[in-house]
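# Have a look at this fold, sequence not included:
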C-alpha cells in the first residue's frame, strides 16, 4: 500500500496516522507493522515515534492473514442479541475472553469459533477474532462481538469517541462520600508489580469513571459505574484509589474474603451502541448473576 501524507495542521506521530487508514484500523496494529519493519517513510525503514508533517510518501506492506489454528469448542453461550454483523453475549464469571498464557482452551473465543464458524472479524488477530473490547475473567456481563471487519471498525470508533455505553454494577467496601462522583486518573502498568495496573503520573492513559450509589449496607455499598473510557482494570483501579475496592478483588483490595467470593463482585450490566450497519441505537441489559444477588440478599 502506498500513501502520500496530505498537508497537516500540526505534526502527527506515524503510528497515529497509520491507525486512521482503512486497512490498518488501530494504533496497536500500526505499531506492530512498524516494529516488524513493514513501514517505510520516503524509502527508509520507519520508527514508531517518527513525526509526519505532510508530503511524506509511505510504503506499507500488509502481511497475509494468518490461518486460525485455534480449535473451536462447543461451550454454551448466553447470547442476548445476534444478527449477521454482530452479537452481544452475557459472559459468565470465570470465563477468559481470549487465549493467553495459562488459558489455551475454554475461552470465549473458543466458544465463538464453534458458534460463528468463519463469521468473525479478523482485525484483532488470530487469537482474538471478533473481540472489540474485553472484560476481566472474574467479571461477568455483557460483551459485544463483531462478525465482520466493517462492524468491528464502527464499534471500535464508537468506543474511541466515548459514544459507546458501558454501565457496570459492583459491590464495594465502604460508603461513597458523595451519592455520585467522577473518578479520574491516568492508568498504566504498576511501576513495580507489572501484572497490576495503577494510577500513574507518566506514561498512562487518561481514564474517567462515573460512580453512583444504588444502596448502602453499612460496611458495603451497591454502586453503578459508567465508563467514559475503557482502560484495563479501570473500575477496579479507580475504586481502589479512593479507598473503596470492589468486594472480592484480591488484586486491588483486601486479602480478607468474608463472603468466600471467587473473584470481584463486578458485573457489566448494560451496553449501548449504534448498530454499525442499520444506524439504529441499541441497548441491552442483563440480570445480575446469582452470586451477586446472593451477596445483596445477605447484606440486606
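Received it, and whenever you're ready, just let me know what you need. Being a predicted model, the structure only gives us computed values, none of them experimental.
# Only C-alpha atoms from now on, for both contacts and neighbour counts.
OK.
# what does the helix or strand of the chain with the lowest mean pLDDT contact?
Every helix and strand of the chain was ranked by mean pLDDT, DSSP states H and E. The lowest is helix 27-35, at a mean of 82. Helix 27-35 is contacted by residues 15-16, 18-19, 24, 39, 46-48, 62, 124 when judged by C-alpha atoms under 8 Å, 6 or more residues apart in numbering.
# Among those, which one sits closest to residue 246?
Within the contacts of helix 27-35, the smallest distance to residue 246 is 29.6 Å, found for residue 124 (C-alpha to C-alpha).
# How far away from the center of its chain is the least confident helix or strand of the chain?
Counting by C-alpha atoms, centre = their mean, to the nearest Å, helix 27-35 is centred 18 Å from the centre of its parent chain.
# Run through the residues that contact residue 255.
Here residue 255 is in contact with residue 249 (criterion: C-alpha under 8 Å, 6+ apart).
# distance of it from residue 261?
With the distance defined as C-alpha to C-alpha, to the nearest Å, residue 255 ends up 11 Å from residue 261.
# Residue 2 now?
Distance of residue 2 to residue 261, computed by C-alpha to C-alpha: 54 Å.
# Of those two, which one has the most company?
Regarding residue 2 and residue 261, a neighbour count based on other C-alpha atoms under 10 Å identifies residue 261 as having more, with 15 against 11.
# Strands of the stretch 1-150 of the chain, start to end?
Across the stretch 1-150 of the chain, reading from the start of the chain, the strands by DSSP state E, counting those that start in this stretch fall at 2-4, 12-13, 39-41, 44-45, 51-52, 57-60, 79-82, 86-91, 140-146.
# could the ones you listed go into CSV alongside mean pLDDT?
As requested, the strands of the stretch 1-150 of the chain are arranged in CSV below (pLDDT from 0 to 100):
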stretch, mean pLDDT
strand 2-4, 88
strand 12-13, 90
strand 39-41, 92
strand 44-45, 88
strand 51-52, 93
strand 57-60, 90
strand 79-82, 97
strand 86-91, 98
strand 140-146, 97
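# Can you tell me which of these is most buried?
Each of these was assessed for mean neighbour count using mean count of other C-alpha atoms under 10 Å. The highest is strand 140-146, with a mean of 25.
# Need the residues that contact it.
Taking contacts as C-alpha under 8 Å, 6+ apart, the residues outside strand 140-146 that touch it are 85-94, 120-121, 130-135, 152, 266-271, 285-286, 289.
# Check stretch 92-101 too.
Counting contacts by C-alpha under 8 Å, 6+ apart, the residues outside stretch 92-101 that touch it are 103, 105-110, 127-128, 134-141.
# Can you tell me how far the residue nearest to residue 186 when sequence neighbours are not counted is from residue 223?
Residue nearest to residue 186 in three dimensions, not counting chain neighbours: residue 206, with 4.2 Å by C-alpha to C-alpha, 6 or more residues apart in numbering. Here the distance between residue 206 and residue 223 works out to 22 Å (C-alpha to C-alpha).
# Would you mind telling me which of those two has the busier surroundings?
For residue 206 against residue 223, the residue with the higher neighbour count under other C-alpha under 10 Å is residue 223, and the figures read 22 against 16.
# so that one is in which element?
Secondary structure assignment for residue 223, by DSSP states H and E: strand 220-227.
# List of residues touching that strand?
For strand 220-227, using C-alpha under 8 Å, 6+ apart, the contacting residues are 165-176, 208-216, 235.
# Tell me the secondary structure at residue 155.
Following DSSP: H, G, I helix; E, B strand; the rest coil, we place residue 155 in the helix state.
# That one touches residue 272, doesn't it?
No: using C-alpha atoms under 8 Å, residue 155 is not in contact with residue 272; the gap is 10.5 Å.
# out of these two, which sits in the busier spot?
In this view residue 155 and residue 272 are compared by other C-alpha under 10 Å, and residue 155 has more residues nearby, 24 against 16.
# What distance do you get for that one to residue 217?
From residue 155 over to residue 217 (counting by C-alpha to C-alpha), the distance is 37 Å.
# Let me see the domain layout of this structure.
Residue ranges for the structural domains of the chain, counted by automatic domain parsing, are given in the record as 2-60, 66-161, 166-268+292-299.
# Point out where this structure drops to low pLDDT.
Per-residue confidence of the chain (counting by pLDDT under 70) places the weak regions at 22-23, 25-26, 63-69, 101, 125-127.
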